[in-house]
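**Q** Structure for the following, please:
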Amino acid sequence: MRISKRLLVMLLTLSMIASFTVAMPALAATAETKTDAEIITELGMFGAEHGEIGEELLNSQPTRLEAAYMLLRLLGREDEAKSFVPPEGFQNYNDAADLQTKDAAVLAYLKSHPEIGFAGVKDNLFAPYQKLTEEQYKRAMLVALGCANGETGDFTEEALNAYANCEELLIAADTSAEEWKSKADFICPNGEISRALRMAMTLGNGIFCFAPGEYWIEGTTRSLLLGSNTRIIGATPVTQPGNPEEMLYPDPAAHAVFVTRTGLDSRQPSNESQTGFIRTAPGAENIVISDIALSGHTVLKLDSASNCRICNVLIHNYRGVYPNGQWCNMGYGLATASLWLYGNCSDITILNCQIQCSSHHGLALHSGSNTYLSKNIYIAGCRALYCGCGQLRGETAAQQADAEIRVPETSGYGYRDWSVAFDLCENQSVQNVTLEDCYALEGWKAGFYTE
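**A** Numbering: from 1, shown residues only. Got it, this is the predicted structure:
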């Protein structure tokens, strides 16, 4: 990979946007209407000394000093660095003496703040005019992403090289067994997947293997957005019971389980901050998700994805053991289905997945407009159990009270719903959708439906 100024600026910017939890689609919308040069000019990523920003500048390879300035600007620390006065007795990098005063101050600032993660090369040299290497770029990226302290980041050289070479990264939770944690490349404290890892998944071209344990994906700052050529796999298999009517419960001791933790009464739909998504970036390709479990207010969503394979995935939208717990109600706005194909999906294979107690549809092809077309969808060996009666469609207390009066045997649940186990075409167009050996149990309105 050749590091250009264009690539460094755009990816560092993406990383900082992610760390401040600005929605990724907002940046995509900006990119559709403005050139890279215009975006970078507005961001103020280059100083006045560069003059007009053009293709030649954007495609040039940055020096280490230029890259340091870009990172400091994004961190909002450039002015502080340029005016930095080191304490008495401080030894700056040896090659700082050859630089302008402000540049020398920047080097001293970087040396005094190792948590930024932009250190010298060797022999007390910074090598300011040396071209930025791929390894140095990766380290700056992960530190900028908020991965961890620049001195003691939660990544190893082996992990960095594994990601760069598209090899498999092993990720464990703090709840994982010691045998998994001892060989993991990353450990997630409190089950939180670091911003660095989540951003790496969004950038794509990586394999992320999750050990058995509990991973917290609740809210927009924890949900996973997957870029092209990403694989999310569990380290241990998720196997359906032999009896198609038997429930399979997520078990962090046996499965990689992605969870939400907020407990809500099933009358109350979760909001965006209480829902956990694993979803593809719009238009992403070649994604594999296998042998994981989702539990709570959780959704697996493919957004105009293509050439994707989803297999051996368990989605359990329920708290506790059915029927003695509570439904996890995502409402209609956030989750049309627990396994949701949205937009123009194509060439999708879904195998041996099990969806349990979805508050709306179990699996759905639903996009809100017949201008969308999903095609070449193959679904086999999948089960949807007890899907569709976990919420009240009424938005007001009066509507809910009316539902209870009209359907007292279910305390009003389902009265205003149109929910099924497998919704194979809802308000969109489909072509060449195949189901084989799929099973629906107690779908609210129907087991299988298309329109």
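
**Q** What segments of the stretch 301-450 of the chain are helices?
**A** 331-334, 397-406 (DSSP state H, counting those that start in this stretch).

**Q** Using neighbour counts, pick out the buried residues of the last one.
**A** What it means is helix 397-406. 400, 402-403 (16 or more other Cβ atoms under 10 Å). C-betas here are computed from N, CA, C, even on glycine.

**Q** can you list these in CSV and add pLDDT and distance to Ile355?
**A** Shown next, in CSV, are the buried residues of helix 397-406 (pLDDT from 0 to 100; distance: Cβ to Cβ, whole Å):
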residue, pLDDT, distance to Ile355
Gln400, 75, 25
Asp402, 83, 29
Ala403, 79, 24
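
**Q** okay, those in JSON lines with distance to Asn94 next?
**A** Listed next are the buried residues of helix 397-406 as JSON lines, based on distance: Cβ to Cβ, whole Å:
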{"residue": "Gln400", "distance to Asn94": "73"}
{"residue": "Asp402", "distance to Asn94": "79"}
{"residue": "Ala403", "distance to Asn94": "76"}
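
**Q** of those, closest to Gly362?
**A** Ala403 (21.6 Å; Cβ to Cβ).

**Q** My guess is the closest one contacts Gly412. True?
**A** Yes. With contact defined as Cβ atoms under 8 Å, Ala403 counts as touching Gly412 (3.3 Å).

**Q** circling back: of all the helices of the stretch 301-450 of the chain, which lies closest to Ser194?
**A** Across the helices of the stretch 301-450 of the chain, Ser194 has its closest neighbour in helix 331-334 (24.5 Å, Cβ to Cβ).

**Q** hmm, who's touching that closest one?
**A** Outside helix 331-334, the residues that touch it by Cβ atoms under 8 Å, 6 or more residues apart in numbering are 269-272, 275, 299, 359-360, 391, 393.

**Q** could those go into CSV alongside pLDDT and neighbour count?
**A** Listed next are these as CSV, based on pLDDT from 0 to 100; neighbours: other Cβ atoms under 10 Å:
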residue, pLDDT, neighbour count
Pro269, 83, 22
Ser270, 89, 23
Asn271, 90, 15
Glu272, 91, 11
Thr275, 95, 25
Val299, 96, 24
Ser359, 87, 29
His360, 88, 30
Gln391, 56, 26
Arg393, 52, 19
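
**Q** could you dump those residues to TSV with distance to Gly76?
**A** Supplementary listing: the contacts of helix 331-334 in TSV, determined by distance: Cβ to Cβ, whole Å:
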residue	distance to Gly76
Pro269	37
Ser270	34
Asn271	30
Glu272	27
Thr275	31
Val299	34
Ser359	42
His360	42
Gln391	43
Arg393	46
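
**Q** Between which two of those is the distance greatest?
**A** Using Cβ to Cβ, those span at most 19.0 Å, a distance reached by Glu272 and Arg393.

**Q** Val313 reaches Thr298, doesn't it?
**A** No. Counting by Cβ under 8 Å, Val313 sits too far from Thr298 to count as a contact (10.8 Å).

**Q** In terms of neighbours, single out the busier of those two.
**A** Taking neighbours as other Cβ atoms under 10 Å, Val313 and Thr298 compare with Thr298 leading, 27 against 24.
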